[in-house]
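*Asks:* got a predicted structure plus its sequence, pasted below:
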Amino acid sequence: MTDGPTFGFSDVELAQHPTVYRGDLFKGQTVAVSGGGSGIGKAIAWLFGRLGAHVVICGRNAEKLETAAAAMTAAGLAVEPIVCNIRNTDDVEAFFDKIYAGRGSLDVLINNAGGQYPQPAIDIKPKGFNAVIDTNLNGTWWMMQAAAKRWRDAARPGAIVNIVAVVDRGMPGVAHTCAARAAVVGLTRTVAIEWAPLNIRVNCVAPGAIESQGFVAYSDEAREAFKRSNPMMRVGDAFDVAEGCVYLASPSGKYITGDVLTIDGGGRHWGQFWAFPEPDYFKGSGR
Ligand code: ADE
């Protein structure tokens, strides 16, 4: 039996991929990454770890988390896996209890955990809709609120980055996740104002077509279409997203709150519709 194609970075690549950031940028800091055991979250965890942070990764699958953490530890990075279902408020409280018991503080929360499945909106069942909302909206919210309460109680600053999606023009095929992600953007804008006096910054990163392990779930045709979803005619990678998170979470983002950093190769501005005749240089390019 032959192995199928693999997508996204290997652990060796995550360890070696060049970064524009200084190696001690997060030295002494603690950074929590939900869904840090795979895909984009794993790349985010590696980058913060390589920049000196003690990284706490959470997810539901203990084995996946342990495997991801073992690879980071083997590369000399400081990482701690904690099993947590972000939908469950008791789990979320226990997650923060463990971080504070072990580290005494938290500096950055990256809300990356989430998931969805493609289905025409008209066919989505209540169970599926509720599940996607529960993880992507409610789970993200419980994590945001729990982090903010601890920062408020300790009178310490904090930064949150929520990984969302490019919701600006709707997301045909994944209506439930579009609803959840758009709601997270709304929450972000709202609490950015409410929590500014607490020195808590809250922002989003909206990735477009990013190659990661999740690509395996799509057909070759869909993967080709991802390349054509933006005028750069290619997909991005998980480090594009990870470096965006670092930008917002580090002092480079100190005057940014309530905003969305879109990392999609310009796809947000792209489409089949032309308000003027399609320029000759785009014709015949397969778009
Ligand atoms: N990743 C996907 N769903 C999750 C959940 N409910 N809790 C933590 N990580 C997740």
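*Replies:* Cool, the structure landed.
*Asks:* show me where the stretch 101-250 of the chain has strands.
*Replies:* Counting by DSSP state E, counting those that start in this stretch, residue ranges of the strands within the stretch 101-250 of the chain are 108-111, 158-163, 200-207, 210-211, 236-237.
*Asks:* in its sheet, which strands sit next to the first one, and in what direction?
*Replies:* Strand 108-111 has these partner strands in its sheet, going by DSSP bridges: strand 30-34 (parallel), strand 158-163 (parallel).
*Asks:* give me every residue in this protein lying close to the ligand.
*Replies:* The chain comes close to the ligand at residues 34-35, 59-60, 84-87, 113-115, 135, 139, as judged by CB under 6 Å from any ligand atom. For glycine as for every other residue, the C-beta is placed from the backbone atoms N, C-alpha and C.
*Asks:* just the buried residues from the residues you listed, in ChimeraX please.
*Replies:* Buried residues within those, as defined by 16 or more other CB atoms under 10 Å, are selected in ChimeraX through the command that follows:
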select :34,35,59,60,84,85,86,87,113,114,135,139
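*Asks:* out of the strands of the stretch 101-250 of the chain, which is the most enclosed?
*Replies:* With neighbours defined by mean count of other CB atoms under 10 Å, none of the strands of the stretch 101-250 of the chain is more surrounded on average than strand 108-111, at a mean of 28.
*Asks:* using CSV, list the CA coordinates for that strand.
*Replies:* Taking Å, rounded to 0.1, in the frame of the first residue of the first chain, the C-alpha atoms of strand 108-111 are listed here in CSV:
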residue,chain,number,x,y,z
VAL,A,108,-0.8,35.5,24.9
LEU,A,109,-3.8,33.4,23.9
ILE,A,110,-4.1,32.2,20.3
ASN,A,111,-7.6,30.8,19.7
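*Asks:* so Leu261 belongs to a helix, correct?
*Replies:* No: under the criterion used here (DSSP: H, G, I helix; E, B strand; the rest coil), Leu261 is strand, not part of a helix.
*Asks:* that one contacts Val205, correct?
*Replies:* Yes: contact criterion CB atoms under 8 Å: Leu261 and Val205 qualify, at 5.1 Å.
*Asks:* overlap of the contact sets of the two?
*Replies:* Common neighbours of Leu261 and Val205 (criterion: CB atoms under 8 Å, 6 or more residues apart in numbering): Gly244, Leu248.
*Asks:* am I right that Leu14 sits in a strand?
*Replies:* No: counting by three-state DSSP, one finds Leu14 to be helix, located in no strand.
*Asks:* and the helices in the stretch 151-287 of the chain, which stretches?
*Replies:* If DSSP state H, counting those that start in this stretch is used as the criterion, the helices of the stretch 151-287 of the chain fall at 175-194, 220-227, 238-249.
*Asks:* show me which pair in the residues of the chain next to the ligand is furthest apart.
*Replies:* Taking every pair in the residues of the chain next to the ligand and measuring CB to CB, the maximum separation is 14.8 Å, between Cys84 and Gly115.
*Asks:* ok, the closest residue to the ligand within the chain to Lys42 distance?
*Replies:* Distances between the chain and the ligand by CB to the nearest ligand atom are smallest at Ala113, namely 3.5 Å. From Ala113 over to Lys42 the distance is 12 Å, taken as CB to CB, to the nearest Å.
*Asks:* same question for Arg50.
*Replies:* 13 Å.
*Asks:* ditto for Val185
*Replies:* Shown here: Val185 relative to Lys42, a distance of 24 Å by CB to CB.
*Asks:* with Thr262 instead?
*Replies:* Taking CB to CB as the measure, Thr262 and Lys42 are separated by 22 Å.
*Asks:* what do you get for Ala238?
*Replies:* Per CB to CB, Ala238 is found 8 Å from Lys42.
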